[in-house]
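In: Dropping a prediction and its sequence here:
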Amino acid sequence: QESKLRQVQKMEAVGQLTGGIAHDFNNMLAVVLGGLELAKRQLGADSSAAHRHIDNATEGANRAAALTRQLLAFSREEALRTEPIEPVALVLGMSDLLDRTLGDGVSVAVDAAQDAAWLVRSDRHQLENAVLNLAVNARDAMNGRGTLTITAAGVTLTEGAVGTCHAGDYVALRVADTGCGMSADLLERVFEPFFTTKPAGKGTGLGLSQVFAFVRQADGQVGLESVVGEGTTVTIYLPRYHAEAAGTPRPEAKADAPVE
Ligand code: ADP
């Protein structure tokens, strides 16, 4: 309980801090990257050592830019652009991207279980981003070999059945890998911003906290199951959207409700 609270406070602090600096930082990185590109052009063809130094610097700056973009996405407070979405269709639309992201050694299976045609109301870009974050984690956990299974199913939950959910219909989007799994200690901490076990430059520790923040904002829940040596399943539960009720305002999630 206390760790959940700490995590939420930390997330707020991170949001405020990064919102302020990430934007400026990104502009400075653009100057660095532009300068490196010009320097490389002026060097000409036959100074390979200098080229290598510049390439290394460019790679570092690109990584920094990617991290900054992630920080910006994390702290962004802009309203979500929500629309009715059929999650399984959204995932199927990501097939090429997922294949490319996961590489040849990993097979990707997308399954539509019962009531998979239920709709959710969500921001398409953010939902895709969440799936992609989970897929990247799965790839890293599987070391390039294994199976990623994404399943969409309609489920009816009773109050509190998953996290602090309200009773009702949800679409459960399950992302299961056959990777290294996580110990109980690790499971405790993975939603913390900046918590990562990956080497510097590879992990930012923002993937799962971003997923968590996005899903909670949508009044959904995140479930996590993992067995060391066998694999991990992350499940995103999003409230079912009833198309026929369009126009009737949905009951708003209480903004002041404690997260757990
Ligand atoms: P990052 O991927 O940048 O490290 P995340 O917040 O996405 O940041 O993940 C935090 C940590 O949780 C990872 O470093 C890894 O140790 C663990 N983790 C996340 N997803 C998985 C997974 N599918 N299998 C095993 N470990 C995972």
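Out: Right, received. Where do you want to start?
In: Point out where the stretch 151-260 of the chain drops to low pLDDT.
Out: For the stretch 151-260 of the chain, applying pLDDT under 70 flags the ranges 245-260.
In: try 50 this time
Out: 252-260 (pLDDT under 50).
In: what does it put close to the ligand?
Out: 177, 179-182, 186, 190, 195-198, 203-209, 232 (Cβ under 6 Å from any ligand atom). Quick note: C-beta positions are derived from backbone N, CA and C, even for glycine.
In: Nearest residue to the residue in the stretch 101-250 of the chain that the ligand sits nearest to in space, please, no chain neighbours.
Out: As assessed by Cβ to the nearest ligand atom, the ligand sits closest to G207 within the stretch 101-250 of the chain, at 2.5 Å. Closest residue in space to G207, ignoring its immediate chain neighbours: N133 at 4.2 Å, by Cβ to Cβ, 6 or more residues apart in numbering.
In: Check S122 too.
Out: I85 (5.3 Å).
In: That neighbour: how many residues sit nearby?
Out: I85: 19 surrounding residues under other Cβ atoms under 10 Å.
In: following the strand or helix carrying E59, which helix or strand shows up next?
Out: Using DSSP states H and E, E59 maps to helix 48-75. Next along the chain after helix 48-75, taking DSSP H and E as the criterion, comes strand 82-85.
In: so what strands line up beside that following strand?
Out: Sheet pairing of strand 82-85 (DSSP bridges) gives strand 119-123 (antiparallel).
In: which residues does G168 contact?
Out: The contact partners of G168, taken as Cβ atoms under 8 Å, 6 or more residues apart in numbering, are T156, L157, P239, R240.
In: The one helix or strand the first one maps to packs against which elements?
Out: Same thing as T156. For T156, the host element (DSSP H and E) is strand 146-157. Contacts defined by 3 or more Cβ pairs under 8 Å, 6 or more residues apart in numbering; DSSP states H and E place strand 146-157 against helix 87-92, strand 106-112, helix 124-142, strand 168-177, strand 231-241.
In: buried set for that strand?
Out: Across strand 146-157, burial judged by 16 or more other Cβ atoms under 10 Å covers G146, T147, L148, T149, I150, T151, A152, A153, G154, V155, L157.
In: wait, the fifth one sits on A138?
Out: No - using Cβ atoms under 8 Å as the test, I150 is too far from A138 to be in contact (9.4 Å).
In: what's next to stretch 224-236, contact-wise?
Out: Under Cβ under 8 Å, 6+ apart, the answer for stretch 224-236 is 130, 134, 137-138, 141, 146, 162, 172-183, 186-187, 190, 208, 211, 215, 220-223.
In: filter those residues to the buried ones?
Out: Members of those classed as buried by 16+ other Cβ under 10 Å are 130, 134, 137-138, 141, 146, 162, 172-182, 190, 208, 211, 215, 220-222.
In: what about the spatially closest residue to A112 that is not a sequence neighbour, distance to L157?
Out: In this structure, A112 finds its nearest non-sequential neighbour in V88, 4.6 Å apart by Cβ to Cβ, 6+ apart. V88 sits 19 Å away from L157, taking Cβ to Cβ, to the nearest Å as the criterion.
In: doesn't A135 make contact with the residue of the stretch 101-250 of the chain closest to the ligand?
Out: No - contact status for G207 versus A135: not in contact, 10.1 Å apart, counting by Cβ under 8 Å.
In: what about stretch 151-171, distance to the chain center?
Out: In terms of Cα atoms, centre = their mean, to the nearest Å, the centre of stretch 151-171 is set 20 Å apart from its chain centre.
In: which SS class is V32?
Out: Assigned with DSSP: H, G, I helix; E, B strand; the rest coil, V32 falls in the helix class.
In: re earlier: would you mind naming the residues that bridge with the residue nearest to S122?
Out: Beta-bridge partners of I85, as defined by DSSP bridges: V120.
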